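Engineer: Give me the fold of what follows.
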Amino acid sequence: MNEVIKTTDLKKHYGKTRALDGMTITIKENTITGLIGRNGSGKTTLLKILAGILDITEGAVQVFGAGPMDNLHVLNKLVYTYHNMAYDPKLKLKIILYAYSKMFENFNADFAKRLMKYFGLEDKMKYKNLSQGMASIFNFICALSCRAPLTMLDEPVLGMDITVRKTAYEILLREFTEYPRTFITSSHLLSEIEGTLSDILLIEQGKVSLFASIDDVRQMAYRVDGSQADIARYTESKKIIAKKTGELSSYAIVYEPICEGLEETVKTQGLAVSPVKAEDLCVYLTSQKKEEELECLW
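Structural biologist: Below you'll find the predicted structure:
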């Protein structure tokens, strides 16, 4: 597959704040990447750089083989939407859709119209009168209807109720199946989008904590349960990313690939093994320092 995005030691600084701190990634065409991270981790900064909205401080970034900043050849191939799009508040939805149709050659007005009807939006509505959830739905409709080779969705389901969020991701996956292209969607809720993803890009404090296919992520770690002594003995030479000890039960999260015969090996040492969900793994990888800081409160 061809490369759509390539960054090398990418850095973005705001004074002493390092929003991105040496990020090197490659995203291939026709994939759906979940951009995961806490608030302030650098997700939006990365997307805005890829969209040509922000310039970089150091390093290199290429989108479709060229720098995105002030590059119409690149910008015509991508669409980027976020929860607080800066539209003129007086504009009606039909005017905004018309503007998208003029900017993107692949924009499908019929598809946009069907989505508007499905979600209960009328083209005479004004954007300023939409609730946060309805505004997110409208931005989602605009982005999908553009059918741009690169579609970037920054917290696309913000404000939507759980039923609508689930429907939106089902539509995203069906749209990807029918018209393959490259998607990046940022979210705090990996569990909701996991079924739609090809890859997970987890960032923390502007650095890449994890970047792998969703299938590989599911095999990267496992949990062992048992007595504190048995766990300590088994994990002595292994990397532990989380653990809990107690009088009745203890467990540890082992950060190593799940191999064939693992269950039998662990069982012989008096332990039980179970898989770790992708979302839980992301939490464990980004919460170790937070737990230490939490203990300091007391």
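Engineer: What residues are bridge-paired with Thr81?
Structural biologist: Leu153 (DSSP bridges).
Engineer: per-residue confidence for it?
Structural biologist: We have a pLDDT of 95 for Thr81.
Engineer: Which stretches in the stretch 51-200 of the chain count as strands?
Structural biologist: All strands of the stretch 51-200 of the chain, identified by DSSP state E, counting those that start in this stretch, fall at 58-63, 78-81, 150-154, 182-187, 199-204.
Engineer: got the CA coordinates for the last one in PDB?
Structural biologist: Translated: strand 199-204. What follows is strand 199-204, C-alpha atoms only, in PDB (Å, rounded to 0.1, in the frame of the first residue of the first chain):
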ATOM      1  CA  ASP A 199      -4.600   0.500  13.400                       C
ATOM      2  CA  ILE A 200      -4.300   2.300  16.800                       C
ATOM      3  CA  LEU A 201      -2.000   5.300  17.200                       C
ATOM      4  CA  LEU A 202      -1.700   6.000  21.000                       C
ATOM      5  CA  ILE A 203       0.000   9.200  21.900                       C
ATOM      6  CA  GLU A 204       1.000  10.600  25.300                       C
END
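Engineer: can you give me how far it is from the chain middle?
Structural biologist: How far strand 199-204 lies from its chain's middle: 7 Å, per CA atoms, centre = their mean, to the nearest Å.
Engineer: Name every strand pairing with it and say which way it goes.
Structural biologist: Using DSSP bridges, the strands paired with strand 199-204 in its sheet are strand 32-36 (parallel), strand 207-213 (antiparallel).
Engineer: Pick the most deeply packed of these.
Structural biologist: Highest mean neighbour count among the strands paired with strand 199-204 (mean count of other CB atoms under 10 Å): strand 32-36, with a mean of 24. C-beta coordinates here come from the backbone N, C-alpha and C atoms, glycine included.
Engineer: contacting residues around the next helix or strand after that one?
Structural biologist: Next helix or strand after strand 32-36 toward the C-terminus (DSSP states H and E): helix 43-50. Helix 43-50 has contacts (CB atoms under 8 Å, 6 or more residues apart in numbering) with 5, 10, 12, 19-20, 23, 35-37, 54-56, 61, 63, 68, 78, 80, 82, 150, 152, 154, 184, 186, 203, 206.
Engineer: Kindly reformat the strands paired with strand 199-204 as a markdown table containing mean pLDDT and distance to Lys92.
Structural biologist: What follows is these, written out as a markdown table (pLDDT from 0 to 100; distance: least, CB to CB, whole Å):
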| stretch | mean pLDDT | distance to Lys92 |
| --- | --- | --- |
| strand 32-36 | 96 | 31 |
| strand 207-213 | 95 | 41 |
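Engineer: With distance to Val273 added, can I get those in a markdown table?
Structural biologist: Listed next are those as a markdown table, based on distance: least, CB to CB, whole Å:
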| stretch | distance to Val273 |
| --- | --- |
| strand 32-36 | 25 |
| strand 207-213 | 21 |
